[in-house]
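Colleague: what's the 3D shape of this:
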Amino acid sequence: MSDAAAAPTEGERRALAGLETSGVAFEVTRHGPVRSLAEAAEARGVDPAGIVKTIVVRRGDDDFLFVLVPGDRTISWPKLRALLGVSRLSMPDAATAKDVTGYERGTITPFGSLVAWPVVADSRVPTRTVSIGGGAHGVAANVDGAELVHALDATVADVTDPEPPATS
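Modeller: Below is the predicted model:
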């Protein structure tokens with residue numbers, strides 16, 4: 001049985017149930033292992049900027065939020081701190097991220113998370129169709145970005161910078 005045809009994981013079931021409950025129209029894409037953002041984008045039928053990474057950010061003890069970041073961009077920590085009015089933010093380690101969301105890194109989505117943490121979406125997300133994680137490796141959901149931010153009641157702001165060029 002290939003990865004794409006494997007039985008849904010608990011995470012995938014929670015994520016897709018969360019999407020269903022949200023009322024957002026979505027199309028599930030499933031693919032095998034990918035080695036790069038470009039491969040993931042091709043497998044999901046979007047360009048790399050259309051992949052939306054869901055990043056877990058810690059504001060304080062037991063205080064987290066999700067930041068939706070286009071695939072070709074990275075969080076701008078100064079912009080995000082200014083938006084949130086805080087002087088310090090951090091990214092939790094993988095184990096903590098899983099504990100507070102129920103998802104492994106690379107599969108995290110606000111839909112079906114163990115806690116409905118607040119969501120900040122980069123201003124580029126609502127302008128296009130995007131592909132967001134589906135709660136399991138190789139599972140994603142293509143959705144209208146504007147519907148996505150509306151369903152999540154996300155704060156929309158410019159909180160990213162271009163991804164630095166890869167060095168060889």
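Colleague: so how far is R73 from the closest residue to P118 other than its chain neighbours?
Modeller: For P118, ignoring the flanking residues on the chain, the nearest one in space by C-beta to C-beta, 6 or more residues apart in numbering is L65 at 4.5 Å. For the C-beta atoms, the positions are set from N, CA and C on the backbone; glycine is no exception. Distance, L65 to R73, using C-beta to C-beta, to the nearest Å: 17 Å.
Colleague: Run through the bridge partners of the closest residue to T109 other than its chain neighbours.
Modeller: Counting by C-beta to C-beta, 6+ apart, T109 lies nearest to G133, which is 4.3 Å off, once chain neighbours are set aside. With DSSP bridges applied, G133 shows beta-bridge pairing to A140.
Colleague: which residue ranges form the strands in this structure?
Modeller: 26-30, 51-60, 63-70, 73-75, 119-122, 129-133, 139-144, 155-157, 160-162 (DSSP state E).
Colleague: Looking at those, which is nearest to A43?
Modeller: strand 26-30 (6.9 Å; C-beta to C-beta).
Colleague: Can you list the helices and strands that the closest one packs against?
Modeller: strand 139-144 (3 or more C-beta pairs under 8 Å, 6 or more residues apart in numbering; DSSP states H and E).
Colleague: if we can go back for a sec, list the contacts for the residue nearest to T109?
Modeller: By C-beta atoms under 8 Å, 6 or more residues apart in numbering, the residues touching G133 are A15, V52, K53, T54, Y103, G106, T107, I108, T109, V139, A140, A141.
Colleague: okay, the residues you listed in JSON lines with neighbour count next?
Modeller: Formatted as JSON lines, the contacts of G133 follow (neighbours: other C-beta atoms under 10 Å):
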{"residue": "A15", "neighbour count": "30"}
{"residue": "V52", "neighbour count": "27"}
{"residue": "K53", "neighbour count": "19"}
{"residue": "T54", "neighbour count": "23"}
{"residue": "Y103", "neighbour count": "28"}
{"residue": "G106", "neighbour count": "13"}
{"residue": "T107", "neighbour count": "22"}
{"residue": "I108", "neighbour count": "23"}
{"residue": "T109", "neighbour count": "29"}
{"residue": "V139", "neighbour count": "23"}
{"residue": "A140", "neighbour count": "28"}
{"residue": "A141", "neighbour count": "25"}
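Colleague: Give me the distance between the most centrally placed residue in the chain and A97.
Modeller: In the chain, the residue lying closest to the centroid (C-alpha atoms, centre = their mean) is T54, at 2.2 Å. From T54 over to A97 the distance is 10 Å, taken as C-beta to C-beta.
Colleague: Could you do S90 as well?
Modeller: Taking C-beta to C-beta, one finds S90 at 11 Å from A97.
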